[in-house]
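1. Sequence unavailable; structure follows:
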C-alpha cells in the first residue's frame, strides 16, 4: 500500500502566476454584473427570442470546454492515488472516512438508484433523483462561493475567525434554502434532459419564511464585518466578496432574474471552479518539477490534466449516454413514457450528485493537498 506524498511547499516562487487584479476578479465571478447590461443591449438589438437563441446556442457548445470539464476534472482529482488517501496513513482518519463515503458508498448508492429507475422504466424514481440534484445544487454553489472567498481573503493576508466564518456560512445556507423555496408551487409536470416527471410541490409559506430568515441572517453578517473592519482596519471588499456575492445572490437566489444571464451562470460557476483547480495543480506541478522529484514539467502535467478532463467530460455527457440511448431506447417504443433519453438523464444526474460529494472532500481545510492554494 502506497503512501500519498505530502511534502512541504517549496517557496512562493513555485506558485503558478495568478492573474490577480481584474483577471482574477473576472475569473471568480466578477464578470457577472457586466453581463446584465450586455443582456439588455442584446435584447434591445435582436429581440428576446433571437437573443435567447444566440446565447443558448453559444452556451450549449461552450459547455464542451467549460461546464463538462469542470465535472470531469473532479474525478481526476478525487481518484488520483485514491487507495492511499482512503486506506493509507497519509490523511487524517476523519478525512479517510469521507473519501470512502464519497468515493465508494455514494456512487454505489446513486448507481443503484439510477439502475433501479431505468430497470423499472420509472420516471418517478429517476424524477426523485433529479429533484435531489436540484436541491443540492444550491448548496454546492454557495459552499463553493464561501470557500473561494475564504481562500482569496487568506491569500491577501486576511483571515476570518471561527465565529465570523460561522456567521457568513449561516447566511449562505439560509440563502440556499430561500433559493430553493422561491420556486414554490403545488407540483407540476416538468422535463429534464428528455425525462418527463412530476416534481415535488412546495408550500407558499416556505418561501415567505425563508425570505424573512434571509433578511434576518444579513444582520449578524453586517455586524461581524463592521467589527472586523474596526478591529483590523481593512476588509477584502473586491475579489473575495465578489466571488461570494455572485455565487450566493446572482447565481443562486436571483439566478432567473435575467432571461439571458441565466444561460451563462453554469459557465461562470465552472470557470470559478476551474481557476482553483489550476491554482491547486499548478502549484503542485511546479513543486514536483524540481528536487527531489524532477518530474514532468508543470506545463506538460497541466496540459495532460486539461486534455484528460476534456476527454472524460465528452464521454460522461455525450459519448456514453448517446451510445446507451441510441442502442437501448430508440429501438423500443415502450421507453417513450420516459422520454427519448433516459440514460442521458440518469448519467447526467449521477455525475452532478457525485460531483457535489467529491467536491466536499477535495476542498476541505483538513485535506493536506489544499495547502497548494496558499
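-> All right, it came through fine. All values derive from a computational prediction rather than experimental measurement.
2. Tell me where the model's unsure across this structure.
-> Across the chain, residues meeting the criterion (pLDDT under 70) sit at 1-20, 184-187, 236, 330-337.
3. all strands of it, in order?
-> Along the chain, counting by DSSP state E, strands occupy 189-192, 195-198.
4. want to throw those strands into a markdown table with distance to residue 39?
-> Placement of C-beta: from N, CA and C, glycine included. Compiled in a markdown table, the strands of the chain are given as follows (distance: least, C-beta to C-beta, whole Å):
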| stretch | distance to residue 39 |
| --- | --- |
| strand 189-192 | 24 |
| strand 195-198 | 29 |
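5. quick one: the closest residue to residue 176 other than its chain neighbours and residue 314, what's the gap?
-> Take residue 176 and drop its neighbours on the chain: the residue closest to it by C-beta to C-beta, 6 or more residues apart in numbering is residue 138, 4.3 Å away. Residue 138 sits 27 Å away from residue 314 when distances are taken as C-beta to C-beta, to the nearest Å.
6. So for those two, which residue has more residues nearby?
-> It is residue 138, of residue 138 and residue 314, that has more neighbours when counted by other C-beta atoms under 10 Å, with 22 against 16.
7. which ones are touching the residue nearest to residue 176?
-> By C-beta atoms under 8 Å, 6 or more residues apart in numbering, the contact set of residue 138 is 176, 179-180, 252.
8. Relative to residue 127, which of the residues you listed is nearest.
-> residue 180 (16.4 Å; C-beta to C-beta).
9. Was I right to think the closest one contacts residue 135?
-> Yes. Between residue 180 and residue 135 a contact is recorded at 6.1 Å, counting by C-beta atoms under 8 Å.
10. circling back to that earlier point, show me the one of the strands of the chain that comes nearest residue 231.
-> Nearest of these (C-beta to C-beta): strand 189-192, 47.8 Å.
11. helices and strands around the closest one, which ones?
-> Where contact means 3 or more C-beta pairs under 8 Å, 6 or more residues apart in numbering; DSSP states H and E, strand 189-192 is packed against strand 195-198.
12. What pairs with the strand it packs on, parallel or antiparallel?
-> strand 189-192 (antiparallel) (DSSP bridges).
13. mind checking how far the closest residue to residue 310 other than its chain neighbours is from residue 367?
-> Closest residue to residue 310 apart from its sequence neighbours, by C-beta to C-beta, 6+ apart: residue 69 at 5.4 Å. For residue 69, the distance to residue 367 (C-beta to C-beta) stands at 21 Å.
14. more neighbours, the two?
-> Using other C-beta under 10 Å, the more surrounded residue of residue 69 and residue 367 is residue 69, with 26 against 17.
15. Contact partners for that one?
-> Taking C-beta under 8 Å, 6+ apart, we find residue 69 in contact with 270, 274, 306, 309-310, 312-313.
16. hmm, try it at 10 Å
-> By C-beta atoms under 10 Å, 6 or more residues apart in numbering, residue 69 lies in contact with 63, 76, 270, 273-274, 277, 305-314.
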